[in-house]
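Colleague: Need a 3D model of the sequence below.
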Amino acid sequence: ALWAPGCREWLEVSSCSNCTDFQARRANIRYRTEKGRLPAGRQARPQHPHTLNGSGLALPRTLIAVLENYQQPDGSVVIPDALRPYMGGMEVVRP
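Modeller: You can find the predicted model right below:
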């Protein structure tokens, strides 16, 4: 979560949910065991796999939070220390 001063609340920016077999059933996704056979030579029935549903990063919310927390009175934005390696070492973005 990150703090968004504009709305005075913490916002979720990433999530992961265990959907068990719900999504696989809806999409009719199935698999068989590697050998595909049960003891006594019977054919194994296809199973629905359990799935995860996740979002890596809610980019618009993240960008808004950076702007709200790091924008300066002159309109420039100080790049947070954690993001500088991804910005080529840039420390400030100027208008």
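
Colleague: how about the helices in the protein?
Modeller: For the chain, the helices defined by DSSP state H occupy 22-27, 59-70.

Colleague: mean pLDDT for the ones you listed: which is lowest?
Modeller: Mean pLDDT across these is lowest at helix 59-70; the value there is a mean of 92.

Colleague: So which residue is dead centre in this protein?
Modeller: Gly56 (1.8 Å; C-alpha atoms, centre = their mean).

Colleague: Identify the residue spatially nearest to that one, adjacent ones excluded.
Modeller: Ser14 (6.5 Å; C-beta to C-beta, 6 or more residues apart in numbering). Using the backbone N, CA and C atoms, a C-beta is placed for each residue, glycine as well.

Colleague: got a list of what that neighbour touches?
Modeller: Counting by C-beta atoms under 8 Å, 6 or more residues apart in numbering, Ser14 touches 54-58.

Colleague: Model confidence for it, exactly?
Modeller: Note for Ser14: predicted pLDDT of 91.

Colleague: what do you get for the one 3 residues further on?
Modeller: Per-residue pLDDT puts Ser17 at 94.

Colleague: neighbours of the residue lying closest to it once chain neighbours are set aside, just the number please.
Modeller: What sits nearest to Ser17 in space, not counting adjacent residues and going by C-beta to C-beta, 6+ apart, is Asn53, at 4.8 Å. Look at Asn53: counted by other C-beta atoms under 10 Å, it has 11 neighbours.

Colleague: try Arg25
Modeller: 13.

Colleague: Can you give me the distance of it to Met90?
Modeller: 48 Å (C-beta to C-beta, to the nearest Å).
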